[in-house]
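Engineer: Requesting a structural model of the entry that follows:
(chains A, B, C and D)
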There are 4 protein chains.
Amino acid sequence: MTHVTVWNEYLHERQDELVAAVYPKGIHQAIADGIACGDFTVGTATLDQPENGLTDEVLKKTDVLIWWAHMGHEQVSDETVNRVHQRVLQGMGLIVLHSGHFSKVFKKLMGTSCDLRWREYGEKERIWVVDPAHPIAEGIGLYFELEKEEMYGEHFDIPAPDELVFVSWFEGGEVFRSGCTYHRGQGKIFYFRPGHETHPTYYDKNVLKVIANAIRWAAPKHGANPIYGYNEPLEAIVKKG
Amino acid sequence: MTHVTVWNEYLHERQDELVAAVYPKGIHQAIADGIACGDFTVGTATLDQPENGLTDEVLKKTDVLIWWAHMGHEQVSDETVNRVHQRVLQGMGLIVLHSGHFSKVFKKLMGTSCDLRWREYGEKERIWVVDPAHPIAEGIGLYFELEKEEMYGEHFDIPAPDELVFVSWFEGGEVFRSGCTYHRGQGKIFYFRPGHETHPTYYDKNVLKVIANAIRWAAPKHGANPIYGYNEPLEAIVKKG
Amino acid sequence: MTHVTVWNEYLHERQDELVAAVYPKGIHQAIADGIACGDFTVGTATLDQPENGLTDEVLKKTDVLIWWAHMGHEQVSDETVNRVHQRVLQGMGLIVLHSGHFSKVFKKLMGTSCDLRWREYGEKERIWVVDPAHPIAEGIGLYFELEKEEMYGEHFDIPAPDELVFVSWFEGGEVFRSGCTYHRGQGKIFYFRPGHETHPTYYDKNVLKVIANAIRWAAPKHGANPIYGYNEPLEAIVKKG
Amino acid sequence: MTHVTVWNEYLHERQDELVAAVYPKGIHQAIADGIACGDFTVGTATLDQPENGLTDEVLKKTDVLIWWAHMGHEQVSDETVNRVHQRVLQGMGLIVLHSGHFSKVFKKLMGTSCDLRWREYGEKERIWVVDPAHPIAEGIGLYFELEKEEMYGEHFDIPAPDELVFVSWFEGGEVFRSGCTYHRGQGKIFYFRPGHETHPTYYDKNVLKVIANAIRWAAPKHGANPIYGYNEPLEAIVKKG
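Structural biologist: Numbering: from 1, shown residues only, chains lettered A, B, ... in the order given. Below you'll find the predicted structure:
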């Protein structure tokens, strides 16, 4: 059983009627409901909770953390960012969605600006599978479409992904590396592009399938961890200097 | 349930008393016994069987094929090699062990000479985990040791692995990329170095754990496949030339 | 000074008036003229020449080989393919253009089917830079456009490139990994998508700039090569088995 | 002409007689002298200078920055770290040596702890080439040796390198990924392991050859940069939401 925590800043949905109409219980709850299945227990957490809802206790029991944020990036405390960062390096899975590309924790894990090109036109996005052997693409086939989405375009300033799973085509003329995996420390990270707050993206069955696949891929399984620092020789050698 | 076929040329064990003493039922049977568990059904196949034991029927039901070979590489027919190659591209997992680096099918999948440096001294090998987030390293910790092994040394003429999981240290002064993953088509491939025929390597619990981890990682799960060839436009466009 | 050989099957240009009108001296000559500069000496070779124009002598003096082919893949002899393959592993650079994806030598180097989706509609292609730090993207900026091209779409059945430099957007709705680098043995390979025979792609200044950049990147510089096979211990160790 | 700045904290050499005896003019000067050639202009900078010697003016004219540090990591100001980080993303090459693995700027660029295992025994290190096609390995051949070095062992907590060029063997039983390349933004980064302050490593001709090769590889050449942020559609599309 994998324990998932869906974290959402939960600001747009409470400040903007258009967004509230799409996600009346918040993006986090839509995702939590959408991925519910016998393999996962799912909790949620939001920015306004004590310690941004991500206490040591919550993180300790979380196998995979899902992150949606946009206008509230700066409101996440540095302490929270450091706790999440540490837990990822120790093995917690992290799935960063859409505008989470500019979150403090994703930028800290990537080491780059994570900048990109964008446009809110509600245009068509077609998400192509470029690595059909990857478990995160399981069940998708060639591609899937979202009728209306925000555009994110290259260059996306990220490290070359360990594995590139999806590339998006946009009606307005751009492409984007939409599904990117990384190992960082003992943790696995998946960045997944779709999910502008004004569109019903997190009710789409393919989007939910990808997120569920990514949870299974990112869940930690480790029974033994690296040990760092000084170590005695493993072979009989003479100290020379 | 994952169906595993362990393929072995099964020559050394029947021609050399020293090897027979270590693997009286053959390397294939030692591996099959060693990985037996509730998650796998395991069969074996050998070079001397019709169609080298790898008929369409056998391959069709095989989720993950394990390959051990050394002196008999040239005795494997090109038809067999092509059947296995095709099945890998269609999604079958392939685990290539030790001297299988020089098998026709591995060279065909890699595109390089797959050459390396070697020495039979029965020296110590220490296999280090360099990607502790990888599921194939699950449960290994920092490293494990084999007291007596053949040495394989760099440069190993393979494509840069998609993921490098293990690096070996040898008593005689060499290093080797010992655990390498690749995606080819819809299939997953893992090359794992240890396993000279005169040493009891395939009874070692860490070696068996790695092979079992690799089977779980390489097992195909796909419900939808790419389609190639001509395709009509997905958008309404005018043919210009 | 880098010596470049531009190889072309040179069939369409002699059989099809439309193609001949675009490339009266052949695609090879258009490329040779287009990349001419003080850093390169450029020769050409074609399918109909003895040993397909790629004798040992020609290959020995070639630093970087450029490959255009389409309808004549099967007419290239296996001996030629093996000679080219060997030279790449020994350090010769190889730039495979457009329909060369289905050439024997590219498939042999990749190990996969190299299949893809395609359409001849003369539609717009926009080629985006996804790795602006890469020397092959030098001078391109964000993207460049080709008004009329054949479409190649994902899934493109290749190994994950060592480095992904370009991704194409097509008017009809597809994306494609258009600029892919690989190391194989001591050789460097660049696959570059554009160049259907009915379009004046090889007169485009951005396409020519990319090819020239790729030549500089792929040119071999090695003063020392790996040695394979048996080797004595580098440390004083006792033979144990 | 490539302008190189060799940065050194320059503390050990002024506090420890043993180190001063090896590097009387500082590690930075030994490197600057060792790489001097007609292709480079070389300057140096040290921690104790205003703005840690890395003012905007210095960084602006630097094509490739070399970084050696150990005990003074925390004395480098956050402003300096941010300036260097920005310049790397904008295209400056960065070569991080030995204990620089724990510098603020390397950790910020990598996103991981950059921790490792270590031992000061003055033991033998043998550095193997695992990517003979890479320009940084130019002229090295199979391997080179350092008679006395500090040991750094796996697991080294870094992102999987874009390209792995060298792997070290240590007398005491460990291995280490000793030569690692990364692209970050428009900048190229090379981490190179050797260089403990008590050993004459930076006088070794192979070490100097690798550093010079890395400078050539990392030098920026870009004539056009990505532009981020809002962008208008490139195709005629209707705004839908």
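Engineer: quick one: what helix or strand has A:Ile215 in it?
Structural biologist: Under the criterion DSSP states H and E, the helix or strand holding A:Ile215 is helix A:205-218.
Engineer: Check which helices and strands the following helix or strand past that helix sits against.
Structural biologist: Past helix A:205-218, heading to the C-terminal end, the next element that is a helix or strand (DSSP H and E) is strand A:229-230. Where contact means 3 or more CB pairs under 8 Å, 6 or more residues apart in numbering or on different chains; DSSP states H and E, strand A:229-230 is packed against strand D:117-129. Just so you know, the C-beta spots here come from the backbone N, C-alpha and C atoms, and that holds for glycine as well.
Engineer: Identify the bridge partners of A:Trp67.
Structural biologist: Beta-bridge pairing of A:Trp67, defined through DSSP bridges, involves A:Trp7, A:Val96.
Engineer: Alpha carbons of the helix holding A:Ile215, as PDB, please.
Structural biologist: Included here for helix A:205-218 are C-alpha records, laid out as PDB according to Å, rounded to 0.1, in the frame of the first residue of the first chain:
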ATOM      1  CA  LYS A 205      -8.900   9.900 -17.500                       C
ATOM      2  CA  ASN A 206      -5.600   9.800 -19.300                       C
ATOM      3  CA  VAL A 207      -4.100  12.500 -17.100                       C
ATOM      4  CA  LEU A 208      -5.300  10.600 -14.000                       C
ATOM      5  CA  LYS A 209      -3.900   7.400 -15.400                       C
ATOM      6  CA  VAL A 210      -0.500   9.000 -15.900                       C
ATOM      7  CA  ILE A 211      -0.500  10.300 -12.400                       C
ATOM      8  CA  ALA A 212      -1.400   6.900 -11.000                       C
ATOM      9  CA  ASN A 213       1.300   5.300 -13.100                       C
ATOM     10  CA  ALA A 214       3.800   7.800 -11.800                       C
ATOM     11  CA  ILE A 215       2.900   7.100  -8.200                       C
ATOM     12  CA  ARG A 216       3.600   3.400  -8.700                       C
ATOM     13  CA  TRP A 217       6.900   4.300 -10.400                       C
ATOM     14  CA  ALA A 218       8.000   6.800  -7.700                       C
END
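Engineer: Run the contact check for it versus chain B.
Structural biologist: No: contact of helix A:205-218 with chain B is not found when judged by CB under 8 Å from any CB of the partner chain; the minimum separation is 9.0 Å.
Engineer: Check which residues of that helix are buried.
Structural biologist: Applying a neighbour-count criterion of 16 or more other CB atoms under 10 Å in any protein chain shown, one finds A:206-218 buried in helix A:205-218.
Engineer: Would you reformat those residues as a markdown table and include distance to D:Gly100 and pLDDT?
Structural biologist: Formatted as a markdown table, the buried residues of helix A:205-218 follow (distance: CB to CB, whole Å; pLDDT from 0 to 100):
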| residue | distance to D:Gly100 | pLDDT |
| --- | --- | --- |
| A:Asn206 | 45 | 98 |
| A:Val207 | 42 | 98 |
| A:Leu208 | 44 | 98 |
| A:Lys209 | 43 | 98 |
| A:Val210 | 39 | 98 |
| A:Ile211 | 38 | 98 |
| A:Ala212 | 41 | 98 |
| A:Asn213 | 38 | 98 |
| A:Ala214 | 34 | 98 |
| A:Ile215 | 37 | 98 |
| A:Arg216 | 38 | 97 |
| A:Trp217 | 33 | 98 |
| A:Ala218 | 31 | 98 |
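Engineer: Quick check, A:Asn176 in contact with A:Glu150.
Structural biologist: Residue A:176: Phe, not Asn. No: with the criterion set as CB atoms under 8 Å, A:Phe176 and A:Glu150 do not qualify as a contacting pair; they are 10.7 Å apart.
Engineer: neighbour-wise, which of these two wins?
Structural biologist: With other CB atoms under 10 Å in any protein chain shown as the criterion, A:Phe176 and A:Glu150 differ in neighbour count, and A:Phe176 comes out ahead with 27 against 24.
Engineer: Stretch A:108-118 close to chain B?
Structural biologist: No: residues of stretch A:108-118 contacting chain B under CB under 8 Å from any CB: none, with a closest distance of 12.7 Å.
Engineer: what's the first-to-last distance across that stretch?
Structural biologist: Using CA to CA, to the nearest Å, the gap from the first to the last residue of stretch A:108-118 comes to 22 Å.
Engineer: Nothing else from me, thank you.
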